[in-house]
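Peer 1: pasting the structure only:
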């Protein structure tokens, strides 16, 4: 059995870190509450909720202290991919296709990312990090993984990472305690790109 294939199998069966708080136990922010309120307002507008149900859930949303309490208010209203925020810890996997993960989602301390002749796009601009240091465990063969991170977030390679093609287009961190995204695992015949969002274009003329 080749070394590449053994690495590939190991990435699939490696145990996941279950230490630390569960996503549903994390404290909710005001922005998270407003996302849920917006979804509830849409639901009462098109008849999925009665006015009384809407009022009860709005009150519950503003009382909610954790993400789990908020998530329960929209579970029966929207499919998983359209929820106000995502809390699952599923690996990101692209096998001969493109897989996107973005929006408001809870990023665990370690996230497995698999790409076999596929494209993985991970957008962390609105993400909620469970840790100041997140490990992206790569298993890439002839694929592309693109990370879009906020300005000031550091993206580094783990000392034992086997990533032959890594392009870092992020801006330098301005504080020593900036969040860190560490790339571990391997990438053979593929590439990994980290970049920051482009600034908005300035108009040619100002009034």
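Peer 2: Yes, it's here. Remember, predicted model here, so these are calculated numbers, not experimental data.
Peer 1: Could you pull up phi and psi at the closest residue to residue 106 other than its chain neighbours?
Peer 2: The shortest distance from residue 106 to any residue other than its chain neighbours is 4.0 Å, reached at residue 23 (C-beta to C-beta, 6 or more residues apart in numbering). To be clear about C-beta, it is placed using only N, CA and C from the backbone, and glycine gets the same treatment. Main-chain dihedrals, residue 23, degrees, to the nearest 10: phi -50, psi -40.
Peer 1: Please shift the residue numbers so they start at 41 in all later answers.
Peer 2: I'll keep to 41 as the first residue from here, and by that count the last item is residue 63.
Peer 1: how many neighbours does residue 63 have?
Peer 2: By other C-beta atoms under 10 Å, 21 other residues sit near residue 63.
Peer 1: How about residue 131?
Peer 2: Neighbour count for residue 131, taken as other C-beta under 10 Å: 15.
Peer 1: In contact with it, which residues?
Peer 2: Counting by C-beta atoms under 8 Å, 6 or more residues apart in numbering, residue 131 makes contact with 151, 152, 153, 154.
Peer 1: Quick check: the farthest pair among these?
Peer 2: Greatest spatial distance in the contacts of residue 131: 151 and 154, 10.7 Å, computed using C-beta to C-beta.
Peer 1: between the two, which one's more packed in?
Peer 2: Legend: neighbour count by other C-beta under 10 Å for residue 151 and residue 154, higher for residue 154 (23 against 20).
Peer 1: how far does the longest helix belonging to the chain sit from the chain's center?
Peer 2: Ranked by residue count, the top helix of the chain under DSSP state H comes out as helix 70-85. Relative to its parent chain, helix 70-85 has a centroid offset of 21 Å by C-alpha atoms, centre = their mean, to the nearest Å.
Peer 1: Beyond that helix, next helix or strand please.
Peer 2: Using DSSP states H and E, the helix or strand that follows helix 70-85 in sequence is helix 91-103.
Peer 1: how about that following helix: buried residues?
Peer 2: For helix 91-103, a neighbour-count test (16 or more other C-beta atoms under 10 Å) marks 94, 97, 98, 101 as buried.
Peer 1: next one: stretch 124-141
Peer 2: Applying 16+ other C-beta under 10 Å to stretch 124-141 flags 124, 125, 126, 127, 129, 132, 133, 134, 139, 141 as buried.
Peer 1: Which members of those residues occur in strands, if any?
Peer 2: Among these, the members found in strands (DSSP state E) are 132, 133, 134, 139, 141.
Peer 1: Name the nearest of those residues relative to residue 198.
Peer 2: Top of the list for closeness to residue 198, among those and by C-beta to C-beta, is residue 132 at 17.7 Å.
Peer 1: Pull up the gap between that closest one and residue 158, please.
Peer 2: Distance, residue 132 to residue 158, using C-beta to C-beta, to the nearest Å: 10 Å.
Peer 1: Give me the common contacts of those two.
Peer 2: By C-beta under 8 Å, 6+ apart, residue 132 and residue 158 have these common neighbours: residue 139.
Peer 1: The strand or helix carrying residue 110: which residues count as buried?
Peer 2: Using DSSP H and E, residue 110 falls within helix 107-111. Residues of helix 107-111 classed as buried by neighbour count (16+ other C-beta under 10 Å): 107, 109, 110, 111.
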